[in-house]
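Visitor: Okay, here's the prediction I keep looking at, along with the sequence it came from:
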Amino acid sequence: MTMTIEDPLIAAMASERVLPLHESSRRLRELYPQCPRVYGVAVLADVSVRRWWPLESAVSTGRLQTMFDAAAADMDYRSAARQLAATLVHTVIGRVVALVILEARAWDTGLENLWVHVDSDGVIDWAGVVDPTVRVLSDDPHVADGDGDSVRDGVVRLPSEAALTTWVAHRCHRTLEPLFAKLHAVSNGSLSIAAMWHIVGSTVVATATQVPQLAGADELAAMRRGQAVLDALVGFGLPVRGLSAARLRAWATPLLPRVKMPAKSDSLTHPRMPA
């Protein structure tokens, strides 16, 4: 029996109007009701900013150093760097790819648009966006007519799946690149930047494999969209396919989180990506 968790932060969200991103994020939260913050994002205007901070500050302040030092207190430097890289990858691209493969929609993953929420241990356990606009395809149900003459608020139409997946890959690339460079620096090079991009590739493969099964969605369409995102990243010169086929399959094993049930605290444990 699947147990639904009442998440206090989600329950406290207050929206003046329901936008397409609200609806998509609700469906993403339903994929894993035991830990509903695993997928989807919050709209920053809907939440209290306690324990939230702009992801951009991870590059310009000592936040990433603090997070790495906390992780390194419990494991070796390489493992700590890999764990933190996986958390950043899930935050930036893992979440949005889930929406791309299921609904052919995407929010903006630009560094200036993303905020993160941390739990009492300082671990990222949720993500939010400043601008809730989603990119959609011309046949999305929130596009009022085939000519695009009337479009619902909070939506920008793109002409094709290729345009959508390329845009997502570009925005994620521009966000992850400075984050990876900063992590490489604060970890004293414990994990190569190429290895961080390998985590991106394995995360996209794992998400495209597992999420359709959770949603009962078209697995072929999901894999096609996931591969299109990878193709675009490869086109940007990124080594997302640098792992051998055997290791890539190993990385694509289930990455559902180990769930810490909430008591009176406002936080759930963020899913630990494969290390």
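Guide: Looks like it came in fine.

Visitor: Tell me which residue is most central in this protein.
Guide: Centroid-nearest residue in the chain, with Cα atoms, centre = their mean: residue 95, separated by 2.6 Å.

Visitor: Give me the three-state assignment for that one.
Guide: helix (DSSP: H, G, I helix; E, B strand; the rest coil).

Visitor: Now do the same contact list for it.
Guide: 28, 39-41, 127 (Cβ atoms under 8 Å, 6 or more residues apart in numbering). For the C-beta atoms, the positions are set from N, CA and C on the backbone; glycine is no exception.

Visitor: where along the stretch 51-200 of the chain do the helices fall?
Guide: For the stretch 51-200 of the chain, the helices defined by DSSP state H, counting those that start in this stretch occupy 57-60, 63-72, 77-89, 95-103, 161-186, 193-215.

Visitor: which of these is buried the deepest?
Guide: Greatest average neighbour count among those goes to helix 95-103 (a mean of 26), per mean count of other Cβ atoms under 10 Å.

Visitor: Off-centre distance for that helix?
Guide: Relative to its parent chain, helix 95-103 has a centroid offset of 9 Å by Cα atoms, centre = their mean, to the nearest Å.

Visitor: Measure how it sits relative to helix 193-215, angle-wise.
Guide: 40 degrees (axes from the mean of the first three to the mean of the last three Cα atoms, to 10 degrees).

Visitor: Give me the mean pLDDT for helix 95-103.
Guide: Mean pLDDT, helix 95-103: 98.

Visitor: ok, back up a step: out of the contacts of residue 95, the closest to residue 207 would be?
Guide: Of all the contacts of residue 95, residue 39 has the smallest distance to residue 207: 9.1 Å, by Cβ to Cβ.

Visitor: my guess is the closest one meets residue 31, correct?
Guide: Yes. Judged on Cβ atoms under 8 Å, residue 39 makes contact with residue 31 at a distance of 5.3 Å.

Visitor: Any stretches of the stretch 51-200 of the chain with poor pLDDT?
Guide: For the stretch 51-200 of the chain, the stretches with pLDDT under 70 are 144-151.

Visitor: The same query, at a cut-off of 90, please.
Guide: 120, 141-153 (pLDDT under 90).

Visitor: about what we covered before: show me how to select, in ChimeraX, the buried members of the contacts of residue 95.
Guide: Of the contacts of residue 95, the buried ones go into a single ChimeraX selection, burial set by 16 or more other Cβ atoms under 10 Å:
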select :28,39,40,41,127
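
Visitor: Identify the farthest-apart pair in the contacts of residue 95.
Guide: Going by Cβ to Cβ, the pair spanning these furthest: 28 and 127, at 11.3 Å.
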